[in-house]
Each structure stands twice: as C-alpha cells, then as structure tokens.
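A.B. asks: Build me a structure from this.
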Amino acid sequence: MYTDFTIQFSDGMKATIISFNIKRFYEGVIEASPDTFTYLSERKLNEISQKNDEVRTDKKKGRYFLKPQLIDEIEFWSQNILVHYKETNKPFKCGKCLKEYLIEAELQINGIDGRYSITIEWCQSEKDIITTPIVNMAQNAISVLAFEEIKDYCTYFNWEDW
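C.D. replies: Got it, this is the predicted structure:
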C-alpha cells in the first residue's frame, strides 16, 4: 500500500513529502554562556549561513534551509547534569545548543503547468523526534513558510517537457 504524506504551506499550497531523512547534526554547546558563541558553534553557524547564501544566489537550486533554533543546554544534556552540579556545588551557567538532528524533507508541489521540487532542511531535538510523528514534525516546520516565499528556490519541471 502506498500513502502520500501531504503538508500545507502557510499560504494554503499543499506539498507531498516524497522522502524524509534524519541525520545526527551537532553535539555541544553553541553558547559557552548566554550570548557568547564558542569557536565550533561559530563555524557551524557560518556553514549554515553559507548554504543559505548559495541558495539565495542561485548556485544551488532545490534546497531551502530554515533558520536553526537553539535550545537550552539543560534540555540538550537532560536533567542528569543538573544533579551533578547540585552534588558538587559548582555554578551552572546554562548556554544554548543547536537542536542535534538535521531533518531533510524532499517535497513535490504540483502546479497547473508543472511540478516544483525542493528539499527543506531544519534542526530538531532528539526529544522532538521521539515524541512527534514525522508528518506533524514536517507540518510544524514548513507551516512557517509560504510557497511563494520559496518558489524561486525550487527545481521546476514543466509538464510539456515530459
């Protein structure tokens, strides 16, 4: 049995998820303390920014990267680290971390004259992945975008060319 997973952009345009990939993305503190980025995190954020620039300047069609969300370090490490710091009486300065998994959802959007194709990438936490169904996760991430906003980043296939 074949089932399409359909999601909707904020402007009502519907897309079909044709593939979904989860990759381990990043592990570590992105802010050593609030608002102070570590060297490794600066490099990772620059890589993401560079990918977005390549897409925007038309060097790479077919991809769109959502801005990474940061989570509190304590959420990344779990409550065990708090217990450790309480036992040792050490001060705990909570920084921020990138969500540790990279999600890639390849979408197809059918239009009157052709089909648009794009892979949307975003970060999710392990907790999100464990507790949220894949379709809901994709819908939540993509619902912040309007199709018109990303249309120029899509690869386009004209029906007449087939």
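A.B. asks: quick one: low-confidence ranges for the protein?
C.D. replies: 1-3, 26-42, 52, 55-60, 73-95 (pLDDT under 70).
A.B. asks: in it, which spans are strands?
C.D. replies: All strands of the chain, identified by DSSP state E, fall at 5-8, 14-24, 31-33, 36-37, 63-65, 70-72, 96-98, 101-110, 114-124, 155-158.
A.B. asks: what's the most buried one of the ones you listed?
C.D. replies: strand 96-98 (a mean of 22; mean count of other Cβ atoms under 10 Å). Just so you know, the C-beta spots here come from the backbone N, C-alpha and C atoms, and that holds for glycine as well.
A.B. asks: Which strands and helices lie in contact with that one?
C.D. replies: strand 70-72, helix 73-77 (3 or more Cβ pairs under 8 Å, 6 or more residues apart in numbering; DSSP states H and E).
A.B. asks: in its sheet, what does the first one sit against?
C.D. replies: Strand 70-72 has its sheet partners listed here by DSSP bridges as strand 96-98 (antiparallel).
A.B. asks: ok, back up a step: I48: which of the strands of the chain is closest?
C.D. replies: Nearest to I48, of all the strands of the chain, is strand 63-65, at 6.2 Å by Cβ to Cβ.
A.B. asks: Residues touching the closest one, excluding its own?
C.D. replies: Under the contact criterion Cβ atoms under 8 Å, 6 or more residues apart in numbering, strand 63-65 has outside partners 48, 51-52, 55, 118-122, 145, 150, 153.
A.B. asks: in its sheet, what does that strand sit against?
C.D. replies: Counting by DSSP bridges, strand 63-65 is paired with strand 114-124 (parallel).
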